[in-house]
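Enquirer: Pasted the sequence and its predicted model underneath.
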Amino acid sequence: QLQLVESGGALVQAGGSLRLSCVASGFTFHYYGIGWFRQAPGKEREGVSCISRSGGSTNYADSVKGRFIISRDNAKKTVYLQMNSLKPEDTGDYFCAACVVDTMYAYDYWGQGTQVTVSS
(Lines give C-alpha, C1' and ligand atoms only; values in the text may rest on other atoms or scores of the structure.)
Protein backbone atom coordinates (compact mmCIF):
# COMPACT_ATOMS: atom_id res chain seq x y z
CA GLN A 1 0.00 0.00 0.00
CA LEU A 2 1.45 3.31 -1.11
CA GLN A 3 1.95 5.65 1.81
CA LEU A 4 3.54 9.04 2.41
CA VAL A 5 3.90 10.30 5.96
CA GLU A 6 4.95 13.87 6.61
CA SER A 7 6.20 15.18 9.93
CA GLY A 8 8.17 18.03 11.47
CA GLY A 9 5.69 20.86 11.22
CA ALA A 10 5.42 23.24 14.15
CA LEU A 11 4.77 26.79 15.29
CA VAL A 12 7.90 28.86 14.86
CA GLN A 13 8.80 32.53 14.94
CA ALA A 14 9.77 34.39 11.80
CA GLY A 15 13.45 33.90 11.08
CA GLY A 16 13.45 30.45 12.60
CA SER A 17 14.08 27.05 11.05
CA LEU A 18 12.30 23.73 10.72
CA ARG A 19 13.10 20.43 9.08
CA LEU A 20 10.28 18.44 7.55
CA SER A 21 10.48 14.73 6.82
CA CYS A 22 8.52 12.59 4.39
CA VAL A 23 8.75 8.83 4.83
CA ALA A 24 7.53 6.71 1.93
CA SER A 25 6.46 3.10 1.67
CA GLY A 26 4.59 0.82 -0.68
CA PHE A 27 6.38 1.81 -3.89
CA THR A 28 9.88 1.79 -5.37
CA PHE A 29 11.02 5.03 -3.79
CA HIS A 30 14.20 5.56 -5.78
CA TYR A 31 12.31 5.40 -9.08
CA TYR A 32 10.60 8.72 -8.41
CA GLY A 33 11.34 12.34 -7.93
CA ILE A 34 9.78 13.46 -4.66
CA GLY A 35 8.74 16.94 -3.75
CA TRP A 36 7.17 19.21 -1.22
CA PHE A 37 4.02 21.19 -1.80
CA ARG A 38 2.14 23.53 0.46
CA GLN A 39 -1.30 24.97 0.82
CA ALA A 40 -1.90 28.18 2.70
CA PRO A 41 -5.34 28.92 4.13
CA GLY A 42 -7.68 29.98 1.36
CA LYS A 43 -5.13 29.35 -1.38
CA GLU A 44 -4.40 26.64 -3.89
CA ARG A 45 -1.70 24.07 -3.32
CA GLU A 46 1.65 25.14 -4.77
CA GLY A 47 4.95 23.46 -5.46
CA VAL A 48 7.77 24.27 -3.07
CA SER A 49 10.58 21.99 -4.16
CA CYS A 50 11.25 18.74 -5.98
CA ILE A 51 14.28 16.45 -5.99
CA SER A 52 15.22 13.89 -8.62
CA ARG A 53 15.45 10.14 -8.09
CA SER A 54 19.17 10.22 -7.38
CA GLY A 55 19.12 13.55 -5.60
CA GLY A 56 21.34 15.09 -8.26
CA SER A 57 18.78 17.61 -9.48
CA THR A 58 16.55 19.92 -7.52
CA ASN A 59 14.04 22.64 -8.26
CA TYR A 60 12.65 25.33 -6.00
CA ALA A 61 9.86 27.83 -6.12
CA ASP A 62 11.23 31.36 -6.42
CA SER A 63 9.70 32.27 -3.08
CA VAL A 64 11.90 29.76 -1.20
CA LYS A 65 15.14 29.81 -3.19
CA GLY A 66 18.13 30.44 -0.97
CA ARG A 67 16.14 29.59 2.19
CA PHE A 68 14.94 26.01 1.76
CA ILE A 69 17.01 22.92 0.97
CA ILE A 70 15.54 19.62 -0.19
CA SER A 71 17.41 16.34 0.22
CA ARG A 72 16.71 12.65 0.20
CA ASP A 73 18.00 9.42 1.67
CA ASN A 74 16.98 6.56 -0.58
CA ALA A 75 18.11 3.95 1.94
CA LYS A 76 15.65 5.39 4.44
CA LYS A 77 13.01 6.17 1.80
CA THR A 78 12.87 9.67 3.22
CA VAL A 79 12.87 13.17 1.77
CA TYR A 80 13.68 16.18 3.90
CA LEU A 81 12.96 19.87 3.59
CA GLN A 82 15.23 22.13 5.61
CA MET A 83 13.47 25.46 5.96
CA ASN A 84 15.52 28.43 7.12
CA SER A 85 14.75 32.13 7.54
CA LEU A 86 11.07 31.31 7.75
CA LYS A 87 8.55 34.02 6.94
CA PRO A 88 4.88 34.32 7.89
CA GLU A 89 3.99 33.68 4.24
CA ASP A 90 5.52 30.21 4.57
CA THR A 91 2.60 29.26 6.80
CA GLY A 92 0.52 26.38 5.51
CA ASP A 93 0.03 22.65 5.34
CA TYR A 94 3.01 20.92 3.75
CA PHE A 95 2.63 17.73 1.77
CA CYS A 96 5.01 15.46 -0.09
CA ALA A 97 4.28 13.69 -3.34
CA ALA A 98 6.02 12.07 -6.26
CA CYS A 99 6.91 14.80 -8.74
CA VAL A 100 8.65 15.77 -11.96
CA VAL A 101 11.65 17.94 -11.16
CA ASP A 102 11.62 20.25 -14.18
CA THR A 103 7.99 21.24 -13.87
CA MET A 104 7.27 20.34 -10.23
CA TYR A 105 4.24 18.51 -11.50
CA ALA A 106 2.87 16.39 -8.64
CA TYR A 107 1.41 12.95 -9.04
CA ASP A 108 -1.95 12.92 -7.37
CA TYR A 109 -1.27 10.93 -4.25
CA TRP A 110 -0.83 12.79 -1.00
CA GLY A 111 -0.07 12.13 2.61
CA GLN A 112 -1.94 13.76 5.46
CA GLY A 113 0.40 16.74 5.55
CA THR A 114 2.16 18.55 8.37
CA GLN A 115 1.26 22.03 9.54
CA VAL A 116 3.76 24.87 9.59
CA THR A 117 2.85 28.13 11.26
CA VAL A 118 5.26 31.06 11.21
CA SER A 119 4.42 33.88 13.57
CA SER A 120 5.57 37.42 12.95
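Expert: That came through, no problem.

Enquirer: ok, Arg53 - contacts?
Expert: Contacts for Arg53 (C-beta atoms under 8 Å, 6 or more residues apart in numbering) come out as His30, Tyr31, Tyr32, Gly33. Bear in mind the C-beta positions are built from the backbone N, C-alpha and C, glycine included.

Enquirer: and it, that one's in a strand?
Expert: No - counting by DSSP: H, G, I helix; E, B strand; the rest coil, Arg53 is located in no strand; its state is coil.

Enquirer: picking that back up, show me just the buried residues among the contacts of Arg53.
Expert: Buried residues within those, counting neighbours by 16 or more other C-beta atoms under 10 Å: Tyr32, Gly33.

Enquirer: Generate a markdown table for the contacts of Arg53, with secondary structure and distance to Tyr105 as supplementary columns.
Expert: Shown next, in a markdown table, are the contacts of Arg53 (DSSP: H, G, I helix; E, B strand; the rest coil; distance: C-beta to C-beta, whole Å):
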| residue | secondary structure | distance to Tyr105 |
| --- | --- | --- |
| His30 | helix | 19 |
| Tyr31 | helix | 16 |
| Tyr32 | coil | 12 |
| Gly33 | strand | 9 |
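
Enquirer: Which other helices and strands does the helix or strand bottoming out on mean pLDDT in the chain contact?
Expert: One helix or strand of the chain scores below all others by mean pLDDT, DSSP states H and E: strand 105-106, with a mean of 94. For strand 105-106, the packing partners by 3 or more C-beta pairs under 8 Å, 6 or more residues apart in numbering; DSSP states H and E come out as strand 92-100.
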